[in-house]
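>>> Based on what follows, work out the 3D shape:
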Amino acid sequence: MTVVLNGKDLTVEEVIDVAVNMEKVEISQESQKAVKKARDYVDKKLEEGAIIYGLTTGFGKFSDTYISSEETADLQRNLIISHTCAMGDPLPQRVVRAAMLLRCNALSRGNSGIRPGTLNTLLEMINRGVHPVIPEKGSLGASGDLAPLAHMVLPMIGEGEAEYKGEILPGKEAMERAGIPVIELAAKEGLALINGTQIMTGIGVNVLWDAMELLKVADIAAAMTGEALHAILKAYDPKVHELRGHQGQKDCAENLRKLLAGSGNAKESNPNKVQDPYSLRCVPQVHGASRDAINYVYETVTREINAVTDNPLIFPDEDQVISGGNFHGQPMALTFDLLKNAISELANISERRSERLINPQLSEGLEPFLTKYGGVCSGFMIAQYAAASMVSENKIYAHPACVDSIPSSGNQEDHVSMGTTAARTAAMVLDNAQKVLGIELLSAAQAIWLRGEKGLSPATEAAYERIRKETDPVDDDVIMHYELEKLDRMVKEGEIVKAVQQAVGELK
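Residues are numbered from 1 along each chain as shown. This is a model prediction of the structure:
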C-alpha cells in the first residue's frame with residue numbers, strides 16, 4: 001500500500017501505517033502542480049524585489065532586517081543550523097517518521113512555497129528509511145516546533161545525524177548510502193520546513209493510537225477483575241447508560257456485557273452484596289469519559305494532520321503572501337493535555353481495582369495479597385505499590401502544559417503553547433498507564449487462579465489463557481519484575497486485545 005498525500009485527507013490510520021508499518025508515500029499529481037505553482041509565485045516575487053517575511057527578511061525579532069538576493073542561500077542555511085538547539089534523548093523512530101510525513105503533507109497543499117525537488121528529498125528520506133536524529137526537548141510549540149524540526153532538516157543539507165538501517169551515521173553519509181542527493185535550500189524553504197506543529201503532532205498521534213488500544217485493554221482488565229471479585233452485571237444494563245446518553249459510556253458498558261457474557265462468577269445479582277464499589281460499578285462512567293475525550297482528540301488530530309501550519313502562507317491565485325499564526329500549537333496543546341488526563345484516569349481506576357484484589361478487607365475472600373503463604377511470601381503486595389507509584393507520577397505529568405507560556409525572540413513571540421511538552425508528557429502518562437493496566441491483568445489472573453480458574457466467560461478465559469502462555473501462577477514468591485515486564489509487553493503489542501477479539505469478536 002502506498003499513502004498518497006494531497007494535504008487534505010490524510011488519516012490517523014495512514015500516519016500509523018507510514019510511521020510504524022513503514023508504508024511508502026507519494027505526492028498526488030494535483031499537489032505536485034500546486035507546489036510548483038506556489039514556488040513559481042515565490043520566484044516571481046523574489047525577482048520583483050518584494051519585501052516578504054522569511055523570503056527577503058530575517059526571522060522573529062529580525063523580521064525588519066532586509067536580506068538581499070545574494071544572501072538568500074546563507075539566510076536559509078543559517079536558519080537551520082542556528083535553530084538546531086534541541087536537546088535530550090532522540091525521539092523514537094515512529095515519531096520521527098510521523099513528523100516527516102506530516103511535514104510533507106502540509107507542504108503538499110501548495111501554500112508554503114517550497115521547491116518540488118526539496119519536498120521530494122524529504123519524501124525520499126521517508127521511503128528509503130533515512131531517519132534524522134531529533135532530540136526530544138527544546139520546542140516552545142509556537143513558531144512551530146522550530147528546534148526539533150531544524151534537526152529534521154540537517155541531513156537534507158548534509159549535516160547532523162540520521163539513523164539508516166539501524167545505524168546512526170553522519171547525515172551526509174546516511175543520505176549517500178540511501179542514494180539521496182543532499183540539497184542547498186532556496187528562499188523560503190528553511191522556514192517552510194521548520195515552521196509547523198509536526199513534532200508535537202507526530203508525538204501526539206502515536207500516543208493517540210496506542211491510547212485507543214488501551215481503552216480496550218482497560219475494559220478487559222476490568223472484566224477480569226470483575227470475574228475475580230464477583231461483579232454485579234446489572235450495573236452494566238444498557239437502560240442505565242441510555243439514560244445518561246454519553247456514547248463512550250454506552251460503548252464501554254456494551255464491551256463489559258460482551259466480555260462477561262457467559263460468566264459464572266459475575267452475575268446479574270449477588271445475594272451477598274447489593275452493589276459493587278465504584279471501581280467496578282462505575283467502570284462505564286469512568287472509562288467512557290476517557291473514551292469520549294479520546295474520540296475528541298482523534299477528531300482534532302485528524303484536522304491538524306491536514307493543516308498548513310507554516311508562515312508566511314502563499315496564495316498564488318490571490319497574489320497574496322500573508323503572515324499569520326497557524327504555527328501556534330495551542331489547538332494541539334489543549335488537545336494533548338486532555339489526552340493525557342483521559343489516559344491517566346484509566347490508570348487511576350485500574351490501580352484501585354488492583355488494590356481491591358490484594359486487600360483482604362475488600363477482596364471477597366481471596367487470600368491476602370494473592371498468596372497462599374502470607375507472611376513467608378508477600379505475593380502481589382509490592383506490585384500494587386508499583387502501580388500506585390506510577391499513578392501518582394502521572395498526576396505530576398498531567399499538570400496542564402497549555403496554560404504555561406514564556407516570551408521569546410525579544411518578546412516578538414510573546415505567547416507560546418508548550419504543545420510539544422503536552423505531547424511528550426502524554427507519552428509518559430501512556431507508558432505508565434500501560435504498565436499499571438498490566439499489573440491489574442496479572443493480579444486478576446492470579447486471583448482467578450486462586451479461585452480455581454472456574455466459571456470464566458469466553459472472553460476472560462481467552463485473556464487468562466494468553467497471560468498464562470507466558471506467565472505461571474505465583475505459588476511461591478518470584479522476581480516480580482520479570483512477570484510485570486511480560487505483561488507490559490503484551491499490553492503494548494496488543495496481544496491481550498487480539499486474543500480476546502479472536503474469541504468473541506471486535507470490541508468497541
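
>>> Which residues are in contact with the residue most central in space within the chain?
Among the residues of the chain, the smallest C-alpha distance to the mean C-alpha position (CA atoms, centre = their mean) belongs to Val207, namely 1.5 Å. Val207 is in contact with Phe336, Leu339, Lys340, Ile343, Ala423, Ala426, Ala427, Leu430, counting by CB atoms under 8 Å, 6 or more residues apart in numbering. No exception for glycine: its C-beta is placed from N, CA and C like everyone else's.

>>> State the number of residues packed around the fourth one.
Neighbourhood size, Ile343 [other CB atoms under 10 Å]: 32.

>>> Give the buried residues for stretch 486-500.
Taking 16 or more other CB atoms under 10 Å as the neighbour-count basis, stretch 486-500 is seen to contain the buried residues Lys486, Leu487, Asp488, Met490, Val491, Lys492, Glu495, Ile496, Val497, Ala499, Val500.

>>> Show the contacting residues for the second one.
What it means is Leu487. Applying CB under 8 Å, 6+ apart as the definition, the contact partners of Leu487 turn out to be Gly438, Ile439, Leu441, Leu442, Ile467, Thr471.

>>> tell me which of the contacts of Val207 is nearest to Thr118?
Closest to Thr118 out of these is Ala423 (26.3 Å), distances taken as CB to CB.

>>> Please look at the closest one and Leu208 and confirm they touch.
No - shown here, Ala423 and Leu208 do not form a contact pair, counting by CB atoms under 8 Å, at 9.7 Å.

>>> Check which helices and strands the helix or strand bottoming out on mean pLDDT in the chain is in contact with.
Lowest by mean pLDDT, DSSP states H and E among the helices and strands of the chain is helix 72-83, with a mean of 86. Helix 72-83 makes packing contacts with helix 146-153, helix 189-194 when contacts are defined by 3 or more CB pairs under 8 Å, 6 or more residues apart in numbering; DSSP states H and E.

>>> now the angle from it to helix 146-153?
Using axes from the mean of the first three to the mean of the last three CA atoms, to 10 degrees, the interaxial angle of helix 72-83 with respect to helix 146-153 works out to 120 degrees.

>>> Let me have the helices and strands packed on helix 72-83 in JSON lines, adding mean pLDDT and mean neighbour count as columns.
JSON lines is the format used below for the helices and strands packed on helix 72-83 (pLDDT from 0 to 100; neighbours: other CB atoms under 10 Å):
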{"stretch": "helix 146-153", "mean pLDDT": "96", "mean neighbour count": "28"}
{"stretch": "helix 189-194", "mean pLDDT": "91", "mean neighbour count": "28"}
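
>>> closest one to Val4 among these?
Of all the helices and strands packed on helix 72-83, the one in closest proximity to Val4, counting by CB to CB, is helix 189-194 (20.9 Å).

>>> Moving C-terminal from that closest one, which element do we reach first?
Secondary structure here is assigned by DSSP states H and E; on that basis, the next helix or strand after helix 189-194 toward the C-terminus is helix 198-228.

>>> Quick check: which ranges of the stretch 51-200 of the chain have low pLDDT?
Applying pLDDT under 70 to the stretch 51-200 of the chain picks out residues 54-55, 58-70.

>>> I'd like to know how many residues surround the closest residue to Met152 other than its chain neighbours.
The shortest distance from Met152 to any residue that is not its chain neighbour, by CB to CB, 6 or more residues apart in numbering, is 4.7 Å, and that residue is Pro132. Around Pro132 there are 27 other residues, counting by other CB under 10 Å.

>>> so how far is Arg424 from Pro132?
The span separating Pro132 from Arg424 equals 18 Å under the rule CB to CB, to the nearest Å.

>>> is it true that Leu280 touches Arg353?
Yes - between Leu280 and Arg353 there is a contact at 7.0 Å, judged by CB under 8 Å.

>>> Now do the strands in the stretch 201-350 of the chain.
For the stretch 201-350 of the chain, applying DSSP state E, counting those that start in this stretch gives strands covering 313-315, 320-322.

>>> Would you mind finding the most buried of those strands?
Relative to the other members of the strands of the stretch 201-350 of the chain, strand 313-315 carries the highest mean neighbour count by mean count of other CB atoms under 10 Å, namely a mean of 19.

>>> That one pairs with which strands, parallel or anti?
The sheet places strand 313-315 alongside strand 320-322 (antiparallel), with pairing taken from DSSP bridges.

>>> ok, and what's touching the strand it pairs with?
Lys45, Ala50, Ile52, Tyr53, Leu55, Pro312, Leu313, Ile314, Phe315.

>>> Which residues are in contact with Gln275?
So Gln275 contacts Ile232, Ala235, Arg281 (CB under 8 Å, 6+ apart).

>>> of those, buried ones?
Counted by 16+ other CB under 10 Å, the contacts of Gln275 give Ile232, Ala235, Arg281 as buried.

>>> Compile those residues into a markdown table and extend it with columns for distance to Glu268 and pLDDT.
As requested, the buried ones among the contacts of Gln275 are exported to a markdown table (distance: CB to CB, whole Å; pLDDT from 0 to 100):
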| residue | distance to Glu268 | pLDDT |
| --- | --- | --- |
| Ile232 | 7 | 97 |
| Ala235 | 10 | 97 |
| Arg281 | 14 | 97 |
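
>>> Filter those down to the ones in helices?
Arg281 (DSSP state H).

>>> Next, format the buried ones among the contacts of Gln275 as JSON lines and append distance to Leu140.
Supplementary listing: the buried ones among the contacts of Gln275 in JSON lines, determined by distance: CB to CB, whole Å:
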{"residue": "Ile232", "distance to Leu140": "50"}
{"residue": "Ala235", "distance to Leu140": "46"}
{"residue": "Arg281", "distance to Leu140": "44"}
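
>>> how much space between Thr2 and His83?
Relative to His83, Thr2 is positioned 32 Å away (CB to CB).

>>> Of those two, which one has the most company?
Counted by other CB under 10 Å, Thr2 and His83 do not tie: His83 has more neighbours, with 22 against 10.

>>> which ones are touching the residue lying closest to that one once chain neighbours are set aside?
Counting by CB to CB, 6+ apart, the nearest residue to His83 once its immediate chain neighbours are dropped is Ala150, at 3.8 Å. The neighbourhood of Ala150, defined by CB under 8 Å, 6+ apart, consists of Leu79, Ile80, Ile81, His83, Thr84, Cys85, Ala86, Ile194.

>>> thinking again about what came up before, so the residue nearest to Met152 sits against Gly171, correct?
Yes - under the contact definition of CB under 8 Å, Pro132 touches Gly171, with a separation of 7.1 Å.

>>> Touching both of those two, which residues are there?
With CB under 8 Å, 6+ apart, Pro132 and Gly171 have common neighbours Leu154, Pro155, Gly160, Glu161, Ala162.
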